[in-house]
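K.L.:
sharing a model that was predicted from the sequence below.
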Amino acid sequence: MRELSDIAAALVATLGVLGTLAGAWAWWQGSLERSFWILWRMAQLSTTVLAAVTLIVFVSGYKPASGLFWLYMLLPIVVSIIAEQLRVASADAVLSSRDLEDAQAVGDLPTDEQQLVVLTIAHRELAVAATACLVIAFLALRVIATA
């Protein structure tokens with residue numbers, strides 16, 4: 001069973017690192033690369049797979065070297081969920097900083113300002129998701145270390 005958890009954790013870590021690198025590159029370039037968002041969703045899906053593997057490993061009776069193993073197996077999915085909430089909060093923060101009530105209020109702005117607001121929100125969301133990818137990768141590597 002350890003091999004199964006190691007393979008799942010390695011997959012999650014790989015997707016997390018790739019997502020971090022793609023996100024950092026997109027943020028640095030000021031672009032909104034579609035490839036990053038695909039990697040982000042794949043990393044999120046992989047955390048769900050890791051949680052399913054956790055259940056399989058637990059039911060099989062595996063006894064890890066450290067009790068932290070279970071925590072590291074489940075934390076990536078928690079980080080993924082929190083990151084989604086932070087993405088929403090970052091959008092709200094941008095709207096609030098510009099005294100806009102909601103997303104519909106952006107439509108009342110001139111076109112240039114609309115684009116600026118949308119890009120600002122997208123780049124903040126990108127930063128949140130890329131950071132989450134980094135944390136997810138770290139936690140997945142800890143799974144391997146504590147198994």
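P.N.:
Looks like it came in fine. Source: prediction; values computed, not measured. Residues are numbered from 1 along each chain as shown.
K.L.:
hang on, T48 packs against I77?
P.N.:
Yes - between T48 and I77 a contact is recorded at 6.2 Å, counting by C-beta atoms under 8 Å. For glycine as for every other residue, the C-beta is placed from the backbone atoms N, C-alpha and C.
K.L.:
same drill for the two, tell me which one is more crowded.
P.N.:
Using other C-beta atoms under 10 Å, the more surrounded residue of T48 and I77 is I77, with 21 against 13.
K.L.:
for the helix or strand hosting that one, what is the average pLDDT?
P.N.:
Assigned by DSSP states H and E, I77 falls within helix 68-97. Mean per-residue pLDDT for helix 68-97: 92.
K.L.:
can you name every helix or strand that that helix contacts?
P.N.:
Counting contacts by 3 or more C-beta pairs under 8 Å, 6 or more residues apart in numbering; DSSP states H and E, helix 68-97 packs against helix 2-29, helix 34-59, helix 103-106, helix 111-146.
K.L.:
so which of those is nearest G67?
P.N.:
helix 111-146 (8.4 Å; C-beta to C-beta).
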